[in-house]
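J.: starting from these lines, generate the structure:
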Amino acid sequence: MAIIGHRLFGEIIRELTGLNEQELERALQIQRNTHEPLGQLLVRMGLITERDRARALGRQWGVPFVDLQPDQLTPAITSLVPKHIMQRFRCLPISKRGNRLMVAMLNPLDIFAIDQLRLATGLEVDPVITIEEDLNNAITGLLTSGSHIEETLKKVVGEVAIEEITFKEARGDEDISVDQLRELLDDAPIVQLANMIIQQALTDKASDIHIQPEADKLRVRYRLDGILTDGAVVPKQAQAALISRIKVMAELDISEKRVPQDGRISLALHGREYDMRVSTLPGVHGEKVVLRVLDKSGVNIPLSKLGFPSAMLETYDRLIHRSFGIILVTGPTGSGKSTTLYATLNQLNSGDVNILTVEDPVEYQLAGLTQVQVNYRAGLTFPIALRTFLRQDPDIILVGETRDAETALISIESALTGHRVFSTLHTNDAPTAATRLIEMGIEPFLIASSVIGVLAQRLVRVLCPRCKEAYTPSPEAIHRMNLPLEVDQVTFYRSVGCAHCRGVGYKGRMGIFELMVVENDVRKLILNREPSHVIREAALENGMVSLQQDAMQKIVQGVTSVEEALRVVYTE
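T.: Numbering: from 1, shown residues only. Below you'll find the model as predicted:
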């Protein structure tokens, strides 16, 4: 174990977090093969948080740890360091006393960065350590502040006040030639504006960026934690150049504005790699562009970090290690099904199994897997890919989505011939999956003999830990959640809003789950073509935890609010 200060990192992290000797030894064994820094490995394994890692490093190096609070930053201090130095060295000035400047850094031992800061400010530098997420959010917040965007927009439309622009006199997309567009989209302000819009989305962890033309303006919106929120409002004059700039980045045809187009952008920010799926749609006021953000690091999330209750996670782990059978993951679009399946494949990807996937589209590329992209024009469909898979000696097969009877039948045949099959299905809950397959035309005996488990899921927003407050919910809300407990024995929390969560009151999302194991009682009901509500009753009697019950448990734990649970999970 490497020693940087006077004490071992492992000893310090055990003191701070209560990590036991067995967990630490398991991490050290993995580290001998991967040569990964121990703190980074412990975070990836889900044993400690990034904040724990930074605190331990700070104690080992003899450097204070600072929990960055955006509302504590003042322009008088942040303006002391040029923005290009903040970006280059990932640092942020947070306070000044006399001729000494306290600077938050990811690597407070970077002597070269400290020298550059000393030269740029003329002050002595006292480095402190913080976590990457908070530092990146703070720096990007400075670079994408309203005044900074306004300055960029002024450069785009000319040196006039944005309020004075006469939108009706602006030319539409059709009035600008392709040659003029090529000149505009290489203009520095347009490049900067496009970069700022994307950078803001990545910093805020948005899942989608909407660039939506309207009659007199161009509206930018971000989907944050499943909710669409307003961003910048761009003058109509910049519409043609900005949209063309995005299309060039996605390698799309800027001269074609009458038909939809699809493309992809790959980029890196703060050492993290991202892919963006770009879709254009011709509208009345011009082309609307939507960018779906795919964080490649998201596929490395362990199952233990998705929000599974511990008992359910143990059951799910046993199911995914069965030698054959189908496991279906159900839920509406945007409920995190792909994330759960990728996390599952990561856990099963031990190097001694052959894993094949067929997806539409391939969202994340995983090392060690063979991933196939559906191509309908070339005739490569889900059924054709699956038939070929069976001649490729597979151990595990992932079918991106079961859309039709043919795909479902081949998946079942694969499971019955000794393969593990994972797939998604659009149903509202786990028990409905069987009836949905029967509606597709699959015989009940095939379903009962091949499907071993169905996992239904949703995503709820997590209350911001820095500003959530205790309160007493209304009797109507408690009644709707059907809470089987003494309300006065539970502390309920609600969202408030602070600088850390951008005033929303929530920070991040977590899964709520419902896992139905297909055992004897449930299997008999499927064979008898019983309706889903009968299957649900049997599954609950056998110990299934419903979506509503898991949501209720997360309310009791203070993870989410009653209002958020009611928004996501329908209750009778």
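J.: could you look up the SS state of Phe565?
T.: That one is not Phe; residue 565 is Ala. helix (DSSP: H, G, I helix; E, B strand; the rest coil).
J.: for it, grab the count of nearby residues.
T.: Applying other Cβ atoms under 10 Å, we find 25 residues neighbouring Ala565. Glycine gets a C-beta too; all of them are placed from N, C-alpha and C.
J.: check contacts around it.
T.: Neighbouring residues of Ala565 by Cβ atoms under 8 Å, 6 or more residues apart in numbering: 460, 481, 512, 551-552, 554-555.
J.: with Leu101 instead?
T.: 80, 93, 95, 117, 121, 123-126.
J.: do the same with Ala470
T.: Contacts of Ala470 (Cβ under 8 Å, 6+ apart): 491-493.
J.: among these, who's most crowded?
T.: Top of these by neighbour count (other Cβ under 10 Å): Tyr493, with 21 neighbours.
J.: my guess is that residue contacts Tyr471, does it?
T.: Yes: with contact defined as Cβ atoms under 8 Å, Tyr493 and Tyr471 form a contacting pair (7.2 Å).
J.: any stretches of the stretch 101-250 of the chain with poor pLDDT?
T.: 140-141, 143-188 (pLDDT under 70).
J.: for Leu328, grab phi and psi.
T.: Backbone torsions of Leu328, given as degrees, to the nearest 10, read phi -100, psi 140.
J.: quickly list what it is bridged to.
T.: Beta-bridge partners of Leu328, counted by DSSP bridges, are Ser423, Val454.
J.: can you report how many residues neighbour it?
T.: For Leu328, using other Cβ under 10 Å, the count is 28.
J.: what residues are up against it?
T.: 402, 422-425, 433, 451, 453-455.
J.: which of those residues are buried, as a PyMOL select command?
T.: In PyMOL syntax, the buried subset of the contacts of Leu328 is picked out as below (16 or more other Cβ atoms under 10 Å):
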select buried, resi 402+422+423+424+425+433+451+453+454+455
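J.: ok now stretch 29-43, how far from the chain's centre?
T.: Here stretch 29-43 is found 24 Å from its chain centre; the criterion is Cα atoms, centre = their mean, to the nearest Å.
J.: for it, buried residues please.
T.: 31, 38-39, 41-43.
J.: now do the same end-to-end measure for it.
T.: Terminal residues of stretch 29-43 lie 15 Å apart, using Cα to Cα, to the nearest Å.
J.: what's the answer for stretch 500-520, then?
T.: 49 Å.
J.: check stretch 348-368 too.
T.: Stretch 348-368: ends 11 Å apart by Cα to Cα.
J.: how about TSV for the contacts of Leu101, with distance to Thr417 and secondary structure added?
T.: Shown next, in TSV, are those (distance: Cβ to Cβ, whole Å; DSSP: H, G, I helix; E, B strand; the rest coil):
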residue	distance to Thr417	secondary structure
Leu80	68	coil
Pro93	64	strand
Ser95	66	strand
Leu117	64	helix
Thr121	69	helix
Leu123	71	coil
Glu124	71	strand
Val125	65	strand
Asp126	66	strand
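J.: hmm, back to that, inside helices: which ones of the buried residues of stretch 29-43?
T.: 31, 38-39, 41-43 (DSSP state H).
J.: neighbour-wise, which of the contacts of Ala565 leads?
T.: Of these, with other Cβ under 10 Å as the count, Ile512 tops at 30 neighbours.
J.: so is that residue in a helix, a strand, or just coil?
T.: strand.
J.: hang on, isn't it packed against Gln457?
T.: Yes: assessed by Cβ under 8 Å, Ile512 is found in contact with Gln457 at 6.7 Å.
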